[in-house]
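[1] Here's my sequence, what's the structure:
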Amino acid sequence: MTTMTPNPHEPTRAHRRLLDLADRCERAATQLTADAADPAATLAERGYHPSAEETAAFGARHQGAADTAARYAAQLREQVAAGQPVTAAQIAQAEKVTDAAELGGILIDGRRQAQAQDADPFTSPELRQATRDYHQAKRQAIEGSGQFIHVAEEGQVPFWQLGPATQAETEHVQRDQAAEVDPVPVRQCEDGDDDVW
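    Just a heads-up that it's a prediction; the model follows:
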């Protein structure tokens, strides 16, 4: 009876998962690039007619997200080609980058919804803990990827933007974080702070 020796170059299940996510990232990057090529037409198709400045910003954000997604997909492929081990955390990070690329380059920050649920007296302790654990895991994946900037503008729902941050965006986020006062107790913040839905 012949015993088959495992091929060290054969992709593992985790490697195949990364390749699947890389494929999705590349497809999403192509769509983001198309949307950014004519942002006014893209927005008009969706029923929006913003100012020229807002239109240009939309195009720049989409192109930045496209470039980031394409670059990230290439990194995933390089990792697989090199046969490097893959951790569960890396897969979770790649899933968040891919989700954002497929959703126009952003993921909504669900911290406010999570805080509201945590403060609801009718929510069971088990559900509160499960919600905190869920949001913590997602936030760790987003931040761990290193591919997002958190945007929290006054009067708007906070979100995570896929793509490189400009200096102005970085300074804005730093000011926002420095001025932020969170009414949720410290332990709850640690367990279920920012996240995306």
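[2] Now do the contacts for G163.
    Shown here is G163, whose contacts under the criterion C-beta atoms under 8 Å, 6 or more residues apart in numbering are 61, 64-65, 67-68, 105, 147-149. Any C-beta I mention is one placed from the backbone N, CA and C, and that applies to glycine too.
[3] Please report the distance of it from A114.
    Remark: distance between G163 and A114 (C-beta to C-beta, to the nearest Å) = 25 Å.
[4] Same check on T98?
    Distance of T98 to A114, given as C-beta to C-beta: 23 Å.
[5] quick one: the strands in this structure?
    Taking DSSP state E to define them, one finds strands in the chain at 106-108, 148-151, 159-162.
[6] what does the first one rub up against?
    Same thing as strand 106-108. Counting by C-beta under 8 Å, 6+ apart, strand 106-108 makes contact with 65, 96, 99-100, 142, 148, 157-162, 196-197, all of which sit outside it.
[7] Okay, buried residues for that strand please.
    Neighbour counts using 16 or more other C-beta atoms under 10 Å place 106-107 of strand 106-108 among the buried residues.
[8] coming back round to it: buried by neighbour count, from the contacts of strand 106-108: which ones?
    Looking at those with 16+ other C-beta under 10 Å, the buried ones turn out to be 65, 96, 99-100, 142, 148, 158-162, 196.
[9] Point out the other helices and strands that the lengthiest helix in the chain packs with.
    The longest helix of the chain (DSSP state H) is helix 52-81. Here helix 52-81 touches helix 13-37, helix 39-45, helix 88-102, strand 159-162, going by 3 or more C-beta pairs under 8 Å, 6 or more residues apart in numbering; DSSP states H and E.
[10] try 10 Å this time
    helix 13-37, helix 39-45, helix 88-102, strand 106-108, strand 148-151, strand 159-162 (3 or more C-beta pairs under 10 Å, 6 or more residues apart in numbering; DSSP states H and E).
[11] what's the average pLDDT for that helix?
    Per-residue pLDDT values over helix 52-81 give a mean of 96.
[12] repeat for stretch 120-134
    Mean pLDDT, stretch 120-134: 86.
[13] do the same with stretch 21-32
    98.
[14] buried residues in it?
    Going by neighbour count (16+ other C-beta under 10 Å), the buried part of stretch 21-32 is 21-22, 24-26, 28-29, 32.
[15] could you dump these to a markdown table with distance to R46?
    Rendered in a markdown table, the data for these read as follows (distance: C-beta to C-beta, whole Å):
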| residue | distance to R46 |
| --- | --- |
| L21 | 26 |
| A22 | 28 |
| R24 | 22 |
| C25 | 22 |
| E26 | 23 |
| A28 | 17 |
| A29 | 19 |
| L32 | 14 |
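[16] Looking at those residues, which is nearest K138?
    Compare each of the buried residues of stretch 21-32 with K138 using C-beta to C-beta and the shortest gap goes to L21, at 15.9 Å.
[17] these two touch, right, P164 and D67?
    Yes. Between P164 and D67 a contact is recorded at 7.8 Å, counting by C-beta atoms under 10 Å.
[18] So for these two, which residue has more residues nearby?
    Neighbour tally, P164 and D67, criterion other C-beta atoms under 10 Å: the higher count belongs to D67, 17 against 14.
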